[in-house]
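Colleague: Quick check, what structure comes out for this input:
(one chain, ligands or ions: 2)
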Amino acid sequence: MQLHGTAKVNDRGHLEIGGMDTVALVEQYGTPLYVYDVALIRERAQSFKKTFEALGVKAQVAYASKAFSTVAMVQLADEEGLSLDVVSGGELYTAIAAGFPADKIHFHGNNKSLEELDMAIEKEIGCFVVDNFYELELLDELCRSREKVVNILLRVTPGIEAHTHDYILTGQDDSKFGFGLLNGQADEAISIGLNSKNLNLLGVHCHIGSQIFETTGFLVAAKKIFEKLKQWKDEKSFEAKVLNLGGGFGIRYTKEDDPIPASQYVEEIIDEVRKHADRYQMSMPEIWIEPGRSMVGDAGTTLYRVGSRKEVPSVRQYLAVDGGMSDNLRPALYQAKYEAILANKALVEPEETVSIAGKCCESGDMLIWDLPLPKSESADILAVFCTGAYGYSMANNYNRIPRPPVVFVENGKARLVVKRESYEDMVRLDLPLKEIINKLP
Ligand SMILES: Cc1ncc(COP(=O)(O)O)c(C=O)c1O
Ligand SMILES: N[C@@H](CCCC[NH3+])C(=O)O
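Modeller: Numbers count the residues shown, from 1 in each chain. Ligands and ions are numbered 1, 2, ... in the order given. As a prediction, this is how the structure comes out:
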């Protein structure tokens with residue numbers, strides 16, 4: 001089992017993260033519990049930033065907050081000098097509530113509402129990543145009526161089939177996102193952007209997908225975009241100041257995954273961009289990237305309490321935990337795979353193979369199939385690794401299961417950064433048919 005970041009097994013044979021015994025964390029905060037290794041997030045952020053610095057390239061590393069958006073996380077991104085990618089009014093509101101510098105916020109989304117655009121214009125965010133003609137017109141109109149000028153990038157789909165799960169592919173031609181780069185849409189959008197007095201067209205954006213292990217897709221995207229940039233330079237006298245190549249850098253969930261270091265993605269991308277800029281005698285654009293998963297994914301661990309066991313004779317042992325697809329939708333949605341250990345028996349050798357079931361009323365609510373574990377009993381603590389990205393952010397209240405709290409750990413200290421939802425929270429927005437809502441004692 002490969003442990004990530006500051007995770008280790010302590011003298012008591014317990015899993016420790018950020019200098020905190022996870023068994024003690026569970027005693028204090030209960031289960032399920034999301035635990036984040038803050039030092040590892042800082043390390044990830046710095047490795048992206050330092051690689052750009054070492055290459056002498058002007059860049060913005062924007063944390064894609066869809067991976068995990070909370071006030072504390074946004075503040076941590078700010079502490080590390082990152083920019084921020086938001087994709088909804090809610091993520092934008094979280095960033096503003098956290099005091100994140102508005103001029104470093106980039107606003108994404110394929111169907112931004114008038115209210116969302118208005119909020120972002122009013123807050124004077126750094127850049128709108130415009131996705132379609134509807135948004136282009138709406139944003140132009142809103143800015144004109146408010147006498148504002150905003151920075152924009154145009155999101156293009158370069159027609160790339162990256163190697164990842166179909167649901168998390170985004171750069172292919174048949175995608176709901178962006179202007180087609182090769183079918184004339186991007187050319188038309190560039191002209192509209194250039195003709196607007198209220199839209200300051202900085203450049204283009206593309207994002208080819210998520211959990212990608214190779215650089216090829218990024219390099220092909222850069223090549224295709226540069227061919228267009230050359231054409232736009234010649235035909236429209238437009239030179240992009242910014243090229244945003246999105247996020248999508250893969251991480252190691254299990255031993256089947258073999259990611260390359262952040263520095264390698266960045267170095268290869270920059271090499272390629274430099275090559276094309278030189279070839280077409282264009283100035284090197286500022287490079288923006290938007291890592292989400294690779295910033296927080298392996299920094300997150302979910303701690304569960306083991307409960308019931310069911311044996312299907314000669315077939316399998318189901319071991320149920322006190323969470324499931326309500327706090328981690330990824331196995332049900334993408335057949336995503338995870339590794340796990342018993343946090344309170346971290347030095348004990350595996351003795352049996354069990355399948356970890358969640359507690360939701362769905363047969364598909366299985367967190368891990370066929371996991372080797374020491375002989376486990378009720379009340380043992382299961383630690384599932386690499387749940388930091390798209391775990392909490394896709395958590396839900398299916399079966400009215402309250403969402404778990406989030407604890408940040410660093411240098412032997414723990415800080416509660418999101419409280420556990422309560423049963424009262426489950427009915428907080430409900431309006432009664434009759435007068436009364438009873439409260440349980
Ligand atoms: C536009 C955009 N940028 C950035 C990201 C972050 O991707 P990842 O978490 O894979 O780095 C996504 C998600 O796939 C995205 O859609
Ligand atoms: N939520 C997805 C990835 C989509 C990323 C956003 N475009 C995941 O968990 O892998």
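
Colleague: hey, let's count contacts and neighbours off CA atoms from now on
Modeller: Will do.

Colleague: what comes into contact with the biggest helix by length in the chain?
Modeller: Longest helix in the chain, counting residues (DSSP state H): helix 216-236. Here helix 216-236 makes contact (CA atoms under 8 Å, 6 or more residues apart in numbering) with 158, 160-162, 181, 187, 191, 206, 208, 238-240, 245, 268-269, 272-273, 276-277, 280, 282.

Colleague: List the buried residues of it.
Modeller: Buried residues in helix 216-236, counted by 16 or more other CA atoms under 10 Å: 216-226, 228-232.

Colleague: ok, now stretch 240-255?
Modeller: In stretch 240-255, the ones that count as buried by 16+ other CA under 10 Å are 240, 242-254.

Colleague: In the protein, which residue is most central in space?
Modeller: residue 67 (2.1 Å; CA atoms, centre = their mean).

Colleague: wait, what's in contact with it?
Modeller: The neighbours of residue 67, taking CA under 8 Å, 6+ apart as the test, are 292, 293, 296, 297, 388, 389, 390, 391, 393.

Colleague: rerun at 7 Å
Modeller: Contact analysis of residue 67 by CA atoms under 7 Å, 6 or more residues apart in numbering lists 292, 293, 389, 390, 393.

Colleague: hang on, the fourth one in a helix?
Modeller: No - secondary structure of residue 390, determined by DSSP: H, G, I helix; E, B strand; the rest coil: coil, with no helix assignment.

Colleague: any idea how far ligand 1 is from the closest residue in space to it that isn't next to it in sequence?
Modeller: In space, residue 390 comes closest to residue 67 once its chain neighbours are excluded; the distance is 4.8 Å by CA to CA, 6 or more residues apart in numbering. Distance of residue 67 to ligand 1, computed by CA to the nearest ligand atom, to the nearest Å: 6 Å.

Colleague: Show me what residue 154 is bridged to.
Modeller: residue 130, residue 204 (DSSP bridges).

Colleague: That one: how many residues sit nearby?
Modeller: 25 (other CA atoms under 10 Å).

Colleague: wait, it sits on residue 128?
Modeller: No - contact criterion CA atoms under 7 Å: residue 154 and residue 128 do not qualify, at 8.4 Å.

Colleague: quick revisit: can you select the buried ones among the contacts of residue 67 for me in PyMOL?
Modeller: Buried residues among those (16+ other CA under 10 Å), as a PyMOL selection:
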select buried, resi 292+293+389+390+393
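
Colleague: Need the contacts of residue 67 in JSON lines (columns: pLDDT and distance to residue 369).
Modeller: Below are the contacts of residue 67 laid out as JSON lines (pLDDT from 0 to 100; distance: CA to CA, whole Å):
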{"residue": "292", "pLDDT": "98", "distance to residue 369": "26"}
{"residue": "293", "pLDDT": "98", "distance to residue 369": "23"}
{"residue": "389", "pLDDT": "98", "distance to residue 369": "20"}
{"residue": "390", "pLDDT": "98", "distance to residue 369": "20"}
{"residue": "393", "pLDDT": "98", "distance to residue 369": "23"}
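
Colleague: Quick check: of the contacts of residue 67, which lies closest to residue 198?
Modeller: residue 292 (30.3 Å; CA to CA).

Colleague: Write out the residues of the stretch 251-400 of the chain neighbouring ligand 1.
Modeller: 290, 291, 292, 293, 294 (CA under 6 Å from any ligand atom).

Colleague: The stretch 51-200 of the chain now?
Modeller: Counting by CA under 6 Å from any ligand atom, the stretch 51-200 of the chain sits next to ligand 1 at 64, 67.

Colleague: could you show me where the strands are in the stretch 51-200 of the chain, in order?
Modeller: 59-64, 83-86, 105-107, 127-130, 150-157, 179-180, 199-205 (DSSP state E, counting those that start in this stretch).

Colleague: Mind putting those strands into JSON lines with mean pLDDT?
Modeller: Listed next are the strands of the stretch 51-200 of the chain as JSON lines, based on pLDDT from 0 to 100:
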{"stretch": "strand 59-64", "mean pLDDT": "98"}
{"stretch": "strand 83-86", "mean pLDDT": "98"}
{"stretch": "strand 105-107", "mean pLDDT": "98"}
{"stretch": "strand 127-130", "mean pLDDT": "98"}
{"stretch": "strand 150-157", "mean pLDDT": "97"}
{"stretch": "strand 179-180", "mean pLDDT": "96"}
{"stretch": "strand 199-205", "mean pLDDT": "98"}
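
Colleague: closest to ligand 2 out of those?
Modeller: strand 59-64 (8.5 Å; CA to the nearest ligand atom).

Colleague: Pull the number of nearby residues for the residue nearest to residue 95 when sequence neighbours are not counted.
Modeller: Among residues not flanking residue 95 along the chain, residue 74 sits closest, at 6.2 Å (CA to CA, 6+ apart). The number of residues packed near residue 74 is 25, by other CA under 10 Å.

Colleague: hey, where'd the helices end up in this structure?
Modeller: Using DSSP H, the helices of the chain run over 22-29, 38-55, 71-79, 89-97, 114-122, 133-145, 185-195, 216-236, 262-279, 293-296, 330-334, 423-427.

Colleague: Sounds good, over and out.
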